[in-house]
Structure formats: C-alpha cells, structure tokens
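S.K.: below are the sequence and a predicted model for it; my questions follow.
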Amino acid sequence: MKKVVMAVMALSLSLSVMTSCKEAADKAKEASEEASETFEEAGQDLKEATNDAVDAVKKAGDEAMEMGEKAADSIKKAGEEAMEKVKEVGEDAKKTMDSIKM
C-alpha cells in the first residue's frame, strides 16, 4: 500500500511539474509574441520618423533654393538700376561738358 501511495504522490508531483513547465512555456511564447509586436511597432515608428525627416530636409532645401533665386533676382535688379544711374550721370556729365564748351 505504501508503494501505491508513493507512486500516486510521485505521479501527482510529476503532473504538477509538467503543468508548471507548460504554463512557463506558454508565458514565454506570449512574451516573445508581445516583444515581436513591440519591435514591429517600433520599426514602423522609426520608418515614419525617417520619412518625416526626409520631407523636412526636402522642404528646407526647396525653401533655400527659392530664397537663393529671390536673392539673385534682387541682385540683378539692383545691378540694372545701378547701370541706369551710371548712364544718367554720364549723360548729365556730357551735358555739363557740352554747356561749358559753348
């Protein structure tokens, strides 16, 4: 009878250990799946952040290009106005010289 009781206790203990191991394996699998999902979400967030950064750099480049074009137009206009003034001063100087000769 003692042997039967001992065998039942050993069987009960081994069932308990197997159940515990199965629960631990299930929890490890669940944790692994959650970690995988978290990494996937982090990767997606990183991709979106990278795309946002690329868009921001592109926009900044476009704005810099536009400002450069405006600056070039302003310099061209200032040069043209300066040439006109030089021509006017030259014409005025010529008129003055002509009037002095008379």
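M.R.: Nice, I can see it.

S.K.: helices of this structure, residue ranges please.
M.R.: Assigned by DSSP state H, the helices in the chain fall at 2-101.

S.K.: the spatially most central residue of it: what's it in contact with?
M.R.: Nearest to the mean C-alpha position of the chain, counting by C-alpha atoms, centre = their mean, stands Ala53 at 2.2 Å. By C-beta atoms under 8 Å, 6 or more residues apart in numbering, no residues touch Ala53. C-beta here means a position set from N, CA and C on the backbone, and glycine is covered the same way.

S.K.: quick one: low-confidence ranges for this structure?
M.R.: Confidence mapping of the chain against pLDDT under 70 gives the ranges 102.

S.K.: so what's Asp52 up against?
M.R.: Applying C-beta under 8 Å, 6+ apart, no residues contact Asp52.

S.K.: going forward, count from 59.
M.R.: Yes, from this point I'll number from 59; that puts the last item at Asp110.

S.K.: roughly how far does it sit from Lys116?
M.R.: For Asp110, the distance to Lys116 equals 11 Å [C-beta to C-beta, to the nearest Å].
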